[in-house]
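the sequence and its predicted three-dimensional model are supplied below.
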Amino acid sequence: HADIAMYRAKKLGRNNFQFYTPSMNEDAMERVRIEGALRNALERDEFVLHYQPQVDLATGEIVGMEALLRWQHPEMGMVAPSRFIGVAEETGLIVQIGAWVMRAACQQNQTWQDEGLGKLRVAVNLSARQFGAANLIADIRRVLAETGLAPACLEIELTESLFMSDVTLAVELLHGMKALGVNLSIDDFGTGYSSLSYLSRFPIDVLKIDRSFVAEITRDSNDAAIVASIIALAHNLKLAVIAEGVETEEQLDYLRRHGCDEMQGYYFSRPLPAEEFEQLVRQQRRLPLLDAMAPEILV
Ligand code: C2E
Ligand code: MG
Ligand code: MG
Ligand code: MG
């Protein structure tokens with residue numbers, strides 16, 4: 001059993017190498033349980049999307065949101081993405097789940113636009129398995145056509161790891177997606193191992209600074225320098241830049257002083273169920289939520 005647990009632990013892949021510990025069997029058991037339950041989750045309608053606002057740092061306005069997957073299991077309760085996305089990727093289930101996410105996010109955004117919530121942009125995370133799957137471009141095109149969402153209102157978040165295995169294929173797929181008119185962003189920017197040269201070869205629109213750098217901005221001068229450099233790099237390449245994981249006013253101030261375009265984080269709002277997100281947008285149209293932003297709004 002120890003061997004099997006070890007083997008599975010290794011198979012978990014990215015950043016997940018672990019030494020065997022007594023809790024290992026429990027972890028392995030949990031994964032088996034999650035894998036079984038995950039197979040039925042789509043038909044049982046157990047997934048839901050939460051939305052986290054993305055805020056324009058110059059105006060303080062909500063300009064978009066990231067759709068984040070939540071799994072409400074009848075017995076296990078709310079299962080966090082960190083507990084099931086890896087399993088979904090390993091088993092390939094992420095391809096169908098990801099297709100559901102794409103459709104649900106576009107549908108919701110179009111519904112909100114129909115209801116007068118404004119022209120918001122929705123960001124959807126794309127996994128490596130989806131990226132490699134056949135028909136990716138055609139599927140996105142169909143979702144846009146069927147939901148009626150303007151391509152400019154969809155942003156696709158990719159991670160650097162997607163580009164590493166087959167650069168030629170990546171260039172082709174990214175240009176294919178770009179040709180649809182959607183926005184492309186690099187999620188968790190700065191944490192991958194890929195070379196910067198892809199930035200000039202790929203049609204990217206946005207860099208999304210990983211929250212591990214943002215977390216230490218005010219305590220670690222190296223992280224502060226990295227964040228300032230990513231913002232400058234993005235702007236020199238004529239890309240937009242958004243910071244994720246903004247939790248404090250100090251972090252917000254630093255990002256604004258360095259010209260970061262947008263931010264996302266608990267300081268402004270946690271990911272919210274659709275109804276609450278909608279309320280937040282309507283509310284902030286009347287009253288800016290961020291005191292720190294009021295002076296600029298008045299300008
Ligand atoms: P991500 O795409 O980098 O998403 C940002 C994560 O940071 C979210 O965690 C979000 O709740 C969290 N976050 C946002 N603001 C803050 C903050 O101020 N402080 C802290 N500590 N955390 C913050 P979540 O929702 O648990 O998702 C985790 C990861 O799971 C995501 O990271 C993404 O890689 C993956 N994921 C989520 N939904 C999907 C999906 O629909 N498809 C795929 N392929 N992956 C998804
Ligand atoms: Mg993301
Ligand atoms: Mg991210
Ligand atoms: Mg991240």
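That came through fine. Ligands and ions are numbered 1, 2, ... in the order given.

please make it C-alpha for all contacts and neighbour counts, starting now.
Fine.

what residue in the stretch 1-150 of the chain comes nearest to ligand 3?
N125 (8.6 Å; C-alpha to the ion).

report the beta-bridge partners for the closest residue to that residue other than its chain neighbours.
For N125, the nearest residue in space outside its immediate sequence neighbours is E157; the separation is 4.7 Å by C-alpha to C-alpha, 6 or more residues apart in numbering. In this structure, E157 bridges to N125, S185 when assessed by DSSP bridges.

and E157, what is it in contact with?
Neighbouring residues of E157 by C-alpha atoms under 8 Å, 6 or more residues apart in numbering: A123, V124, N125, L126, L184, S185, I186, D187.

mind putting those in a markdown table, distance to ligand 1 included?
Formatted as a markdown table, the entries for the contacts of E157 read as follows, by distance: C-alpha to the nearest ligand atom, whole Å:
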| residue | distance to ligand 1 |
| --- | --- |
| A123 | 9 |
| V124 | 6 |
| N125 | 5 |
| L126 | 5 |
| L184 | 13 |
| S185 | 11 |
| I186 | 10 |
| D187 | 6 |
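
using JSON lines, lay out those residues together with neighbour count.
Written out in JSON lines, the entries for these read as follows (neighbours: other C-alpha atoms under 10 Å):
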{"residue": "A123", "neighbour count": "25"}
{"residue": "V124", "neighbour count": "24"}
{"residue": "N125", "neighbour count": "20"}
{"residue": "L126", "neighbour count": "20"}
{"residue": "L184", "neighbour count": "23"}
{"residue": "S185", "neighbour count": "25"}
{"residue": "I186", "neighbour count": "22"}
{"residue": "D187", "neighbour count": "24"}
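
the closest residue to ligand 1 within the stretch 101-250 of the chain and Q264, how far apart?
When distances are taken as C-alpha to the nearest ligand atom, the stretch 101-250 of the chain reaches nearest to ligand 1 at G245, 3.4 Å away. To Q264, G245 is 6 Å away according to C-alpha to C-alpha, to the nearest Å.

show me where the stretch 101-250 of the chain has its helices.
When assigned using DSSP state H, counting those that start in this stretch, the helices of the stretch 101-250 of the chain occupy the ranges 128-132, 136-147, 161-164, 167-180, 198-201, 211-215, 221-236, 249-257.

export those to JSON lines and tack on distance to ligand 1, mean pLDDT and mean neighbour count?
What follows is those, written out as JSON lines (distance: least, C-alpha to the nearest ligand atom, whole Å; pLDDT from 0 to 100; neighbours: other C-alpha atoms under 10 Å):
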{"stretch": "helix 128-132", "distance to ligand 1": "8", "mean pLDDT": "88", "mean neighbour count": "18"}
{"stretch": "helix 136-147", "distance to ligand 1": "14", "mean pLDDT": "97", "mean neighbour count": "16"}
{"stretch": "helix 161-164", "distance to ligand 1": "12", "mean pLDDT": "82", "mean neighbour count": "17"}
{"stretch": "helix 167-180", "distance to ligand 1": "17", "mean pLDDT": "93", "mean neighbour count": "16"}
{"stretch": "helix 198-201", "distance to ligand 1": "19", "mean pLDDT": "87", "mean neighbour count": "13"}
{"stretch": "helix 211-215", "distance to ligand 1": "7", "mean pLDDT": "96", "mean neighbour count": "20"}
{"stretch": "helix 221-236", "distance to ligand 1": "16", "mean pLDDT": "97", "mean neighbour count": "17"}
{"stretch": "helix 249-257", "distance to ligand 1": "10", "mean pLDDT": "96", "mean neighbour count": "17"}
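
of these, which is nearest ligand 4?
Taking C-alpha to the ion as the measure, those were each checked against ligand 4, and helix 211-215 came out nearest at 5.6 Å.

does the closest one reach ligand 3?
No: judged by C-alpha under 5 Å from the ion, helix 211-215 stays clear of ligand 3, getting no closer than 7.1 Å.
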